[in-house]
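Novice: need the 3D shape of this:
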Amino acid sequence: MASNPPAECCVRGFIHEGTAKGETKKIGGTNIYFSYPKESNKKAGKAVLILSDVMGIRINSQLIADYLAACGYLTVMPDLFHGDGLTPDSFKPGSGFNLQEWLAKHPTDVVDPVIESTVKLLREEYKIDKIGGVGYCFGGKYVCRFLKDGKINVGYTAHPSFISREELSTIQGPLSISAAVNQLLFGRVEVDEILTTALRHESEEILAKVGLPYQLTLYGGVSHGFAVRGDLSNPDIMFAKEQALAQALAWFGQYL
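Specialist: As a prediction, this is how the structure comes out:
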């Protein structure tokens, strides 16, 4: 694996505060969150497709979508889990929740069609020429799966989970990655159990062989999930989260 399968750390985190500015529409049986740019800064023919972490369409990702829309991109986020997204409370003691059973309900042959139909919607109904894919945790795998000609043109992922070597080695577009540093520094744990140091190095080797533009940026003082579920009362985590989003925007500005 280029990154490990999801684990409890993929659910741990914080619900962020804010009010979503977009709207959710049900299209073809799937709920899709849309956030629209103002006409004055609209980037014609370009859109961003957010493939979420295991929480699905929730305020954390909606606020990110709204920010990307404010930067000029039509931004859409399909519900990959058909209403079965998780929350930080899913692992509460006594809940009886089993992550592996949950993952078994959402394999690639169930998730792929949701993304396929959303890409088709953007291409045919919204006349989008170029799509940037943003994948957090669970969604990072699917950015790589769909980073193909005619699908997603440019990819960005933060702390991705369970990407296979084959998926990473067959991407056909530029890819940017945000990752947490894995070390114990000054008594502070900085760790990503999913994208470990060894797997990160392996991923770099794979991307170098692919030969397409890629970027891998490390953030200290944070753990897995920092870019979407971090504790924003912590200034270091807040800074890393904002810089990771700025990284995605800079990448799209260059390649999308």
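Novice: alpha carbons only for contacts and neighbour counts from here, please
Specialist: OK.
Novice: for the chain, longest helix please?
Specialist: Once the chain is assigned using DSSP state H, the helix that runs over the most residues is helix 235-255.
Novice: just the mean pLDDT for that one, thanks.
Specialist: Model confidence over helix 235-255 averages 95 on the pLDDT scale.
Novice: can you check stretch 122-134 too?
Specialist: 97.
Novice: may I have it exported as CSV, CA atoms only?
Specialist: The C-alpha trace of stretch 122-134 is given here as CSV (Å, rounded to 0.1, in the frame of the first residue of the first chain):
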residue,chain,number,x,y,z
LEU,A,122,-20.0,18.6,-14.3
ARG,A,123,-18.9,17.8,-17.8
GLU,A,124,-22.3,17.6,-19.5
GLU,A,125,-24.7,19.8,-17.5
TYR,A,126,-22.3,22.4,-16.3
LYS,A,127,-20.0,22.4,-19.3
ILE,A,128,-16.8,22.1,-17.2
ASP,A,129,-13.6,21.6,-19.1
LYS,A,130,-11.2,21.1,-16.2
ILE,A,131,-11.9,19.5,-12.8
GLY,A,132,-9.6,19.7,-9.8
GLY,A,133,-10.1,16.9,-7.3
VAL,A,134,-9.7,17.5,-3.5
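Novice: so which bits of it are buried?
Specialist: Along stretch 122-134, these residues count as buried under the neighbour rule (16 or more other C-alpha atoms under 10 Å): L122, R123, I128, D129, K130, I131, G132, G133, V134.
Novice: now stretch 158-174 - C-alpha only, CSV.
Specialist: Output in CSV follows, covering the C-alpha atoms of stretch 158-174 (Å, rounded to 0.1, in the frame of the first residue of the first chain):
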residue,chain,number,x,y,z
ALA,A,158,-4.5,15.8,2.5
HIS,A,159,-3.4,12.8,4.6
PRO,A,160,-4.9,10.2,2.2
SER,A,161,-5.8,6.7,3.3
PHE,A,162,-5.6,3.3,1.7
ILE,A,163,-4.3,4.3,-1.7
SER,A,164,-2.9,1.2,-3.5
ARG,A,165,0.5,1.2,-5.3
GLU,A,166,-1.4,0.6,-8.5
GLU,A,167,-3.7,3.5,-8.0
LEU,A,168,-0.8,5.9,-7.3
SER,A,169,1.3,4.6,-10.2
THR,A,170,-1.4,5.0,-12.8
ILE,A,171,-2.4,8.6,-12.2
GLN,A,172,-2.5,10.7,-15.3
GLY,A,173,-2.4,14.2,-13.9
PRO,A,174,-0.4,16.4,-11.5
